[in-house]
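Colleague: Here is a sequence with its predicted model. Questions after.
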Amino acid sequence: MELPILPFTGPWMLAPMEGVTEPSFRDLVLTRNDPRELGGAFTEFVRVVRHALPARTLRRHLGPHRFETPVGLQIMGADPDAVAETARRAVAVGAPLVDLNFGCPSKGALRGCAGSALLDDPPAIERLVSRVVRAVPESPVTAKIRAGGENDGELEDIAQAAEAGGARLLTVHCRTRAEGYRDSADWERLRRAVEAVSIPVCGNGGIEGHSDLERLRNETGCRYAMVGRAALADPWIFSGRRVDRREAAGFLVDYARALSEAGFPRRGVVARLKQLLRHWRAGELVTDASRSEWLSADEDGVLSRLFAEAGEAPPLFSRSAS
Ligand SMILES: Cc1cc2nc3c(=O)[nH]c(=O)nc-3n(C[C@H](O)[C@H](O)[C@H](O)COP(=O)(O)O)c2cc1C
């Protein structure tokens, strides 16, 4: 049988981020970037513990809208049967690809021996990938790893385990589990992963600006580059377009509206806005000097300032969940 073809439309990817890349944020990023540049995106991980997740949960993560750029559904779990059945349901409800998470360092993931816990057991990675590949033979299955657990000594073994299991793409977050999210990112590890496997590699970790995207590809041989936190600072990072203050505020206003429409109460809308404002740089709307003012403002303060910056009347968001 022919191997499923990777559906990505361009070389750059929006990273899966729990609590961020749900449909409200993700769809705005997708509408503001050219699919020839932003070639792929992912849901935040869905966690599978003992039982496969119901189709309605998977549908909710995929969201109501489809774009030319494919959005992969990311699954984290350690039970091959439950993960495989979740993958089958994900494809049945329209996921164009399934991504397996071997990078999450959270205590919950480690307790369940899932996410980055599996980095210590490459044969288990191979078994899990292979079980999922058999469950969805017509869809690409991709794997996202870190460079290792305590250190990067097993990077090649981990990468080759994912490939041997049948992964069609390997995303490598170049930090180890022990390194968490620290500032420095060693791209030499990405070059090592590229050498170790024959499937395409997507490099991730430490991209700060648009020019880093092509630089990462040139320095490491990765075919794709994935952006996490820098896309929270500037959702236009994929095109490199510099927006003005008003357009930057307009993104956040649209985000607030989308969250409210998705059922977030006012407090939840502002909490999610502040999560972005902690990183935000686009349009110089938030500067190092003004960041603490934005973050310490109350709900009315954040919303009225933001809507004024975008040239719009302040909203009447519901104070309770709908
Ligand atoms: C808030 C947050 C949530 C994340 N959630 C996920 C997730 O659900 N799945 C995953 O594979 N990685 C997750 N990550 C890791 C990112 O996908 C990415 O690998 C990491 O941030 C490194 O890229 P960066 O240096 O460009 O931020 C998360 C990162 C952050 C900051």
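Modeller: Nice, thanks for sending it over. Numbers count the residues shown, from 1 in each chain.
Colleague: Give me the neighbour count for Leu306.
Modeller: The local packing of Leu306 (other CB atoms under 10 Å) involves 24 other residues. Where you see a C-beta, it was placed from the backbone N, CA and C, and this is true even at glycine.
Colleague: contacting residues for it?
Modeller: Residues counted as contacts of Leu306 (CB atoms under 8 Å, 6 or more residues apart in numbering) are 249, 252-253, 256, 273.
Colleague: That one looks like it's in a helix, true?
Modeller: Yes - the assignment for Leu306 (DSSP: H, G, I helix; E, B strand; the rest coil) places it in a helix.
Colleague: I'd like the distance between it and the ligand.
Modeller: 21 Å (CB to the nearest ligand atom, to the nearest Å).
Colleague: Please report how far that residue lies from Ala185.
Modeller: Plainly put, Leu306 is 31 Å away from Ala185 if you go by CB to CB, to the nearest Å.
Colleague: Any regions of this protein where pLDDT drops low?
Modeller: The model of the chain has pLDDT under 70 over residues 1, 318, 320-322.
Colleague: make it 80
Modeller: For the chain, applying pLDDT under 80 flags the ranges 1-3, 314-322.
Colleague: Tabulate the contacts of Leu306 (CSV), appending secondary structure.
Modeller: Listed next are the contacts of Leu306 as CSV, based on three-state DSSP:
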residue, secondary structure
Ala249, helix
Leu252, helix
Val253, helix
Ala256, helix
Leu273, helix
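Colleague: Leaving out chain neighbours, which residue sits closest to the residue of the chain found nearest the ligand?
Modeller: When distances are taken as CB to the nearest ligand atom, the chain reaches nearest to the ligand at Gly228, 2.6 Å away. In space, and not counting its chain neighbours, Gly228 is closest to Ala15: 3.9 Å by CB to CB, 6 or more residues apart in numbering.
Colleague: so that neighbour makes contact with Tyr224?
Modeller: No - contact criterion CB atoms under 8 Å: Ala15 and Tyr224 do not qualify, at 11.3 Å.
Colleague: Contacts for stretch 18-26, please.
Modeller: Stretch 18-26 is contacted by residues 14-15, 41-45, 61-65, 71, 104, 232, 255, 258-259, 262, 272, 275-276 when judged by CB under 8 Å, 6+ apart.
Colleague: Give the buried subset of those residues as a PyMOL selection command.
Modeller: Buried subset of the contacts of stretch 18-26, written as a PyMOL selection, criterion 16 or more other CB atoms under 10 Å:
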select buried, resi 14+15+41+42+43+44+45+61+62+63+71+104+232+255+258+259+262+272+276
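Colleague: Show only the entries of the contacts of stretch 18-26 found in helices.
Modeller: 61-62, 232, 255, 258-259, 272, 275-276 (DSSP state H).
Colleague: can you tell me which residues contact the residue of the chain closest to the ligand?
Modeller: Shown in contact with Gly228 (CB under 8 Å, 6+ apart): 15, 17, 204-205, 207.
Colleague: got those residues as TSV, with distance to the ligand and secondary structure columns?
Modeller: Output for the contacts of Gly228, formatted as TSV (distance: CB to the nearest ligand atom, whole Å; DSSP: H, G, I helix; E, B strand; the rest coil):
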residue	distance to the ligand	secondary structure
Ala15	3	coil
Met17	4	coil
Asn204	5	strand
Gly205	5	coil
Ile207	5	coil
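Colleague: so what's Val48 bridging to?
Modeller: Going by DSSP bridges, Val48 is paired in beta bridges with Gly77.
Colleague: all helices in the stretch 151-300 of the chain, in order from the N-terminus.
Modeller: Along the stretch 151-300 of the chain, counting by DSSP state H, counting those that start in this stretch, helices occupy 155-165, 188-196, 210-220, 230-233, 245-261, 266-277, 291-296, 299-309.
Colleague: What is the burial count for Glu154?
Modeller: 19.
Colleague: Next up, the contacts around it.
Modeller: So Glu154 contacts 119, 122, 148 (CB under 8 Å, 6+ apart).
Colleague: Val269 now?
Modeller: Counting by CB under 8 Å, 6+ apart, Val269 touches 256, 259-260, 303, 317.
Colleague: With Val83 instead?
Modeller: Contacts for Val83 (CB under 8 Å, 6+ apart) come out as 48, 52, 75, 77, 100, 128, 131-132.
Colleague: is it possible to export those to CSV including distance to Val194, secondary structure and neighbour count?
Modeller: Conversion of those to CSV gives the following (distance: CB to CB, whole Å; DSSP: H, G, I helix; E, B strand; the rest coil; neighbours: other CB atoms under 10 Å):
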residue, distance to Val194, secondary structure, neighbour count
Val48, 30, strand, 22
Ala52, 34, coil, 21
Ile75, 25, strand, 29
Gly77, 27, strand, 29
Leu100, 20, strand, 29
Leu128, 23, helix, 27
Arg131, 26, helix, 19
Val132, 23, helix, 26
